[in-house]
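1. Sequence and predicted model, in that order:
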Number of protein chains: 2
Amino acid sequence: MGRVSDAKVRLMDAVLELLWTGSYGSTTIDHICERAGVKKGSFYYFFNSKADVAVAALDTSFQARRVELDAMFSPSVPPTERIRKYCEFGYLLQVEMKAKFGYVLGCPLFTLGAEVCTQEQAVGAKIQEILEYKARYFETAIRDGHAAGAFHAPDAAAKARVVRAYIEGLLTQARIQNDLEILREMPEGVFAMLGARSVNAVTV
Amino acid sequence: MGRVSDAKVRLMDAVLELLWTGSYGSTTIDHICERAGVKKGSFYYFFNSKADVAVAALDTSFQARRVELDAMFSPSVPPTERIRKYCEFGYLLQVEMKAKFGYVLGCPLFTLGAEVCTQEQAVGAKIQEILEYKARYFETAIRDGHAAGAFHAPDAAAKARVVRAYIEGLLTQARIQNDLEILREMPEGVFAMLGARSVNAVTV
DNA sequence: CGAGTAGTTGACTGTTTAGTCTAATATGAT
DNA sequence: ATCATATTAGACTAAACAGTCAACTACTCG
């Protein structure tokens, strides 16, 4: 029924790119429309505000990301391997983004979350929700690793928090310094925190 | 000679507060003027732009902070104590800010740096400069601690990077979640990374 | 005290931005 | 084919915003 269109998807793609390469503040509805090749009238047909399109885009994007994470953190994969793959995949993504945009972009959720959490309640809440989901992958991997004797992490939840703080912090540093190199220390840093048995064997 | 005024200082104080509680994007020159009780004409008498006042304010603020850091990280203080004090002081500051503004604000440099680094070259560069200074305090403390046998950190510079990524990451998480509690794990996390001898003895 | 200087004021311009509305257009279902 | 409806176009308003300017004020030093 009625006319069909992929304008909604294009708008969500556009806002994600603008948020990631720039910031929430530097992303205007006009820019989003321009990037998506959509007129403002259409924008307001699909969304109510910048916050609205941001939340929708973050949600949709994470649903897709989830499939990858489920594969990467599958219980069928050894815990050490899960985390190694995550670091490697993340690194390659940053390399790709730097090649594409000229900047190391870091974690969009973290950067954006820090920017808007005191101002845009809805966006902040969505980001918190997604970050919590992500944390669970780590918690499970760490718990499994501890059980298997690969890590020393009696309190898996606490260790997961430490590891995530480190990873997000490092990604953000990489963004601020626009430097890919510091990301190469990530696996080493993470496995040291986890008291991994053979750190050398897993260095990228 | 001529008329005297503290308007410049008031403008710098105002911009810092707005940047910290909100974001670069949400901070407008009109808001800065309003908060400082200064008219726009005066703003442009002292500064050329938002980026200009931000850089000046960050610089001035760090010069003051430096005195505190010099005391805290004095070579006369045992390395473990330097870091413990840093964590404690930082925590109390966050408590104060949460009481004052209703939000955990995290590290203004880090949040701001991540927001603007791809857009405002001058601000990004100033933030990088200050963060580098801060990193040196840690590096020295860690090197001293290793020499004294309190830490295991043969590569002090690398350890300092790990520790700072963790600290900044944790502070930013606290901001995103508006949660003071997770900050209480900081000393424990840091000293674990440093392979400190007596973790319990230094927990806050 | 008066002259030069540092700082202030507020009204002004032009631009960017969010958000609205109406008429037009394309498409699927019948 | 045509009808209901999903989508689009683009011009419009109002507000927020950055930045300018010339006249005014208060201070200090000689």
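-> Looks like it arrived, so ask away.

2. so where's chain A shaky on pLDDT?
-> Along chain A, the parts satisfying pLDDT under 70 run over A:198-204.

3. Output the set of residues of it in proximity to DNA strand C.
-> Taking CB under 7 Å from any atom of the strand, the part of chain A that reaches DNA strand C is made up of A:1-4, A:28-31, A:40-41, A:44, A:49-50. Any C-beta I mention is one placed from the backbone N, CA and C, and that applies to glycine too.

4. Mind giving me the ChimeraX select for these, buried ones only?
-> Buried subset of those, written as a ChimeraX selection, criterion 16 or more other CB atoms under 10 Å in any protein chain shown:
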select /A:29,50
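
5. Include secondary structure and distance to DNA strand D when you put the residues of chain A next to DNA strand C into TSV, please.
-> What follows is those, written out as TSV (DSSP: H, G, I helix; E, B strand; the rest coil; distance: CB to the nearest atom of the strand, whole Å):
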residue	secondary structure	distance to DNA strand D
A:M1	coil	5
A:G2	coil	2
A:R3	coil	3
A:V4	coil	6
A:T28	coil	11
A:I29	helix	11
A:D30	helix	10
A:H31	helix	15
A:K40	helix	5
A:G41	helix	2
A:Y44	helix	7
A:S49	coil	14
A:K50	helix	13
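
6. center of chain A, which residue is that?
-> What sits nearest the mean C-alpha location of chain A, by CA atoms, centre = their mean, is A:C107, with 4.7 Å.

7. quick one: it from chain B, how far?
-> As judged by CB to the nearest CB, to the nearest Å, A:C107 and chain B stand 9 Å apart.

8. From A:M97, how far off is that residue?
-> To A:M97, A:C107 is 11 Å away according to CB to CB, to the nearest Å.

9. next one: A:I142
-> Taking CB to CB, one finds A:I142 at 27 Å from A:M97.

10. what comes up buried for the longest helix that chain A contains?
-> Across chain A, the longest stretch assigned as helix under DSSP state H is helix A:121-147. If you call a residue buried by 16+ other CB under 10 Å, then helix A:121-147 has these buried ones: A:123-124, A:126-128, A:130-131, A:134-135, A:137-146.

11. Touching the helix or strand harbouring A:V53 from outside, list them.
-> Counting by DSSP states H and E, the element that carries A:V53 is helix A:50-72. Identification of contacts with helix A:50-72 by CB atoms under 8 Å, 6 or more residues apart in numbering or on different chains yields A:11-13, A:15-16, A:19, A:24, A:27-29, A:32, A:43, A:46-47, A:82, A:85-86, A:89, A:109, A:112, A:120, A:122-123, A:126-127, A:130, A:133-134, A:137.

12. and with 6 Å instead?
-> A:11-12, A:15-16, A:29, A:47, A:85-86, A:120, A:122-123, A:126, A:130, A:137 (CB atoms under 6 Å, 6 or more residues apart in numbering or on different chains).

13. can you dump the C-alpha coordinates of whatever helix or strand comes next after it into CSV?
-> Where DSSP H and E defines the elements, the next helix or strand beyond helix A:50-72 is helix A:79-101. Taking Å, rounded to 0.1, in the frame of the first residue of the first chain, the C-alpha atoms of helix A:79-101 are listed here in CSV:
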residue,chain,number,x,y,z
PRO,A,79,37.1,-17.5,25.7
THR,A,80,40.6,-16.3,24.9
GLU,A,81,39.9,-16.5,21.2
ARG,A,82,36.6,-14.5,21.6
ILE,A,83,38.4,-11.6,23.2
ARG,A,84,41.3,-11.8,20.8
LYS,A,85,38.9,-11.7,17.8
TYR,A,86,37.1,-8.8,19.3
CYS,A,87,40.3,-6.8,19.6
GLU,A,88,41.4,-7.7,16.1
PHE,A,89,38.1,-7.0,14.5
GLY,A,90,37.8,-3.7,16.4
TYR,A,91,41.3,-2.7,15.3
LEU,A,92,40.6,-3.5,11.6
LEU,A,93,37.4,-1.5,11.8
GLN,A,94,39.4,1.5,13.1
VAL,A,95,41.9,1.1,10.3
GLU,A,96,39.1,1.1,7.8
MET,A,97,37.5,4.2,9.2
LYS,A,98,40.8,6.0,9.3
ALA,A,99,41.4,5.2,5.7
LYS,A,100,37.9,6.3,4.8
PHE,A,101,37.5,9.5,6.8
